[in-house]
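> can you look at this prediction? I've put the sequence above it.
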Amino acid sequence: MKSSVGTRLFGSLGVVVLAVLALAAVAPGTALAQSDVTFTKDVLPILQDSCQTCHREGAIAPMSLMTYEETRPWARAIREKVVTRTMPPWYIDKNIGVQGFKYDRSLNDEQIATVSAWVDAGAPRGNPADAPPEREFADRDQWHIGEPDWIVPIPEPFVVPAEGANWWGDFYADSGLTEDVWISAVETKPSSEGFPVVHHAVTRVQETPDDDEGDFLNEYAQGKNGDIFPPGTGRLVKAGTVIRFNMHYASIGEDRTDRTSVGLTFYPEGETPKHELFSRALAQNYDLDIPPGEDNVRHDSYHKFENNVRLTGFQPHLHNRGKRQCIEAIYPDGQTEMLSCATWDFGWHIVTCSRCCRPAR
Ligand code: HEC
């Protein structure tokens, strides 16, 4: 990317837009011959790849989609969510800016046509022998980034009572690091028992508990796991660092004890990354003025980079009434380039990581 890239973030607040993208989802010619499509042969592989990570016993979705028996009653709802591209959650605009993201779990047009044709054909099971082997999932105690070298938990286990108001607050933990370390991956993770009551856990690195200058480290929220940094990049975590955990807990009808932790993976001894990575909320805009009765207001804000940078990931962020957010680069020669737009949904917090740093044209 060229030097001193400025970015402009557009956040518009309101409620309606969600359905617009949906209409284009299934082109008429792509529907498969209905009679051919079966659960075991065509649909189950799609569920395994794109749905079961959340739709299984004990995960975050309301129902399991592991078997035909579990899936059949949801056939119509599945078609509706898939055709409107609300499931699997993935809100990046497919017609604007950078495409081809790592870990993109959205379905392609052909997969959507397959699911739709299956439902239209009466959701047939098909031949059990066609079914792929059941997908196995690592248990929740496992870290997405692999076993970290260093784990820092919140200071004490925290009990979220069966009934109670939502709880937001901060915990501060001594990292225990006695020397500076470069890290190549980081993950913030609720404990197994705490998992259903942790709505978000945001970690920051600070010099002392009351240091406001600290830096964002990582976030756990629905839809997000760990961050493994691109090869050759890393972050420095200083000796004596205090980790601040900003938590949001919500009761679920039974007492749950949580002990959220953050895990760090170190660079191999003696190695340092070529590039320093940073994660930061850019161009924050706290001064949103929404005239009464308006449902579509645009706000712009800016951030100027003083050095050459490469953007490795983009996480849109708005609150409940947010509708859409875009990130645009303004180059030193005045040229602009829209990098990405997201149709916002407060239910999901997803980082999109680019495979390439420029859009494929
Ligand atoms: C990242 C996690 C995640 C993935 C991946 C995911 N879902 Fe969901 N799904 C959820 C959650 C959580 C809900 C309930 C909240 C909501 O509707 O947003 C849900 C709701 C649904 C519903 C609505 C259920 C109802 O009560 O009406 C359907 C249907 C659905 N998902 C189907 C799918 C299908 C099909 C896929 C894959 C193609 C998929 N989901 C992938 C998490 C996920």
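Cool, got the structure. Residues are numbered from 1 along each chain as shown.
> list the buried residues of the biggest helix by length in the chain.
In the chain, with assignment by DSSP state H, the single longest helix is helix 109-120. Neighbour-count burial for helix 109-120 flags Q111, I112, A113, T114, V115, S116, A117, W118, V119 (criterion: 16 or more other CB atoms under 10 Å). Every residue, glycine included, has its C-beta placed from N, CA and C.
> ok, E134 - how many residues close by?
Residues lying near E134 (other CB atoms under 10 Å) number 11.
> my guess is it contacts R56, does it?
No: counting by CB atoms under 8 Å, E134 sits too far from R56 to count as a contact (10.2 Å).
> after the helix or strand of the chain with the lowest mean pLDDT, which helix or strand is next?
One helix or strand of the chain scores below all others by mean pLDDT, DSSP states H and E: strand 6-13, with a mean of 39. With elements assigned by DSSP states H and E, the helix or strand that comes after strand 6-13 is helix 44-50.
> tell me which other helices or strands that next one touches.
Counting by 3 or more CB pairs under 8 Å, 6 or more residues apart in numbering; DSSP states H and E, the packing neighbours recorded for helix 44-50 are helix 109-120.
> any idea of the mean pLDDT in the helix it packs on?
Helix 109-120 comes out with an average pLDDT of 97.
> sheet-wise, list the partners of the next helix or strand after that helix with their directions.
Note on helix 109-120: by DSSP H and E, the next helix or strand toward the C-terminus is strand 150-153. Strand 150-153 has the following strand partners under DSSP bridges: strand 261-266 (antiparallel).
> show me the shaky parts of the stretch 151-300 of the chain.
Applying pLDDT under 70 to the stretch 151-300 of the chain picks out residues 222-223.
> which residues of it fall in strands?
158-160, 167-174, 181-189, 198-206, 215-221, 227-228, 233-237, 242-249, 256-258, 261-266, 275-276, 297-304 (DSSP state E, counting those that start in this stretch).
> of all these, which lies closest to the ligand?
Closest approach to the ligand among the strands of the stretch 151-300 of the chain (CB to the nearest ligand atom): strand 215-221, 10.9 Å.
> gap between the most centrally placed residue in the chain and A123?
Residue closest to the average C-alpha location in the chain (CA atoms, centre = their mean): I350, at 2.0 Å. From I350 across to A123, the span is 29 Å (CB to CB, to the nearest Å).
> was I right about M247 contacting Y172?
No: judged on CB under 8 Å, M247 makes no contact with Y172 at a distance of 11.6 Å.
> the more surrounded of these two?
Taking neighbours as other CB under 10 Å, M247 and Y172 compare with M247 leading, 24 against 15.
> now that one: how far from W168?
7 Å.
> next: P155.
Distance, P155 to W168, by CB to CB: 17 Å.
> go on, D289?
D289 sits 25 Å away from W168, going by CB to CB.
> now do E276
Taking CB to CB, one finds E276 at 31 Å from W168.
> so which bits of stretch 218-225 are buried?
For stretch 218-225, by 16+ other CB under 10 Å, it's N218, E219, Y220, A221, G223, K224, N225.
> C-alpha coordinates for stretch 110-118, CSV please?
C-alpha atoms of stretch 110-118 as CSV (Å, rounded to 0.1, in the frame of the first residue of the first chain):
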residue,chain,number,x,y,z
GLU,A,110,-24.1,-22.9,-6.1
GLN,A,111,-24.3,-24.0,-2.5
ILE,A,112,-27.3,-21.7,-1.9
ALA,A,113,-29.0,-23.1,-5.0
THR,A,114,-28.4,-26.7,-3.7
VAL,A,115,-29.9,-26.0,-0.3
SER,A,116,-32.9,-24.2,-1.9
ALA,A,117,-33.5,-27.0,-4.4
TRP,A,118,-33.4,-29.6,-1.6
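> anything in it near the ligand?
No: between stretch 110-118 and the ligand, judged by CB under 6 Å from any ligand atom, nothing touches; the nearest distance is 7.0 Å.
> which residues touch L217?
V186, T188, T203, R204, V205, I243, V262, S279 (CB atoms under 8 Å, 6 or more residues apart in numbering).
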